[in-house]
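Novice: Mind looking at a prediction? Sequence and model below.
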Amino acid sequence: MDMANRTETEAQAYRDYVKKKTPVHCLPLNMAKAFFTGGVICTLGEFILNYGERLGLDKDVSGGWCCVLLIFLSVLLTGLNLYGRIAKWGGAGALVPITGFANSVAAPAIEYKKEGQVMGIGCKIFTIAGPVILYGIFTSSLLGLAWWIAEEMGVIQ
């Protein structure tokens, strides 16, 4: 009986420890933060697009400049160790747009630069972004093949 009591006491102590260490999240607050952060990034993108069009650039060129500037700002903020703080606060709102992808490439490059150009940056730069690129290309290839087969069968014209 003493052993069973001791085991139950240890189990309860462990449950208390886990409860104390597990972070408590407020889902509505996290969603609001993500919405706000993503909204600010997208608003900045729209500002760049509109400004480019006001300068006389056509929509495609303006869109290209928008991408370049958002990527540049993301990499700059990553280098200044600010993008991580933004992402921590804004969650998926900072990670989903193009800025999050640029951060996922720049952060490992900065982190592993001390290991050298080849073994550090070269090997680790796509640690986070690599699977996204791989599965993006793989999925695009499968969808392209399915589209071609559907066209050949006359399903799509």
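Specialist: All right, it came through fine. Keep in mind that what you see is a predicted model, and the values were worked out from it rather than measured. Numbers count the residues shown, from 1 in each chain.
Novice: Point to the helix or strand of this protein where mean pLDDT is at its lowest.
Specialist: Taking mean pLDDT, DSSP states H and E as the measure, the helix or strand of the chain with the lowest value is helix 123-124, at a mean of 72.
Novice: what about residue 109, helix or strand, and which?
Specialist: Secondary structure assignment for residue 109, by DSSP states H and E: helix 98-111.
Novice: ok, and for that helix, which residues are buried?
Specialist: Within helix 98-111, the residues that count as buried by 16 or more other Cβ atoms under 10 Å are 99, 100, 101, 102, 103, 104, 105, 106, 107, 108, 109. Where C-beta positions appear, they are placed from N, C-alpha and C, glycine not excepted.
Novice: Is it possible to get those residues out as CSV so that each row also shows pLDDT?
Specialist: Conversion of those to CSV gives the following (pLDDT from 0 to 100):
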residue, pLDDT
99, 88
100, 86
101, 82
102, 86
103, 85
104, 82
105, 81
106, 82
107, 81
108, 80
109, 77
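Novice: Export the residues you listed as JSON lines, with columns for distance to residue 132.
Specialist: Converted to JSON lines, the buried residues of helix 98-111 look like this (distance: Cβ to Cβ, whole Å):
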{"residue": "99", "distance to residue 132": "14"}
{"residue": "100", "distance to residue 132": "10"}
{"residue": "101", "distance to residue 132": "7"}
{"residue": "102", "distance to residue 132": "12"}
{"residue": "103", "distance to residue 132": "12"}
{"residue": "104", "distance to residue 132": "7"}
{"residue": "105", "distance to residue 132": "10"}
{"residue": "106", "distance to residue 132": "14"}
{"residue": "107", "distance to residue 132": "14"}
{"residue": "108", "distance to residue 132": "13"}
{"residue": "109", "distance to residue 132": "16"}
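Novice: out of the residues you listed, which one sits closest to residue 44?
Specialist: residue 99 (9.0 Å; Cβ to Cβ).
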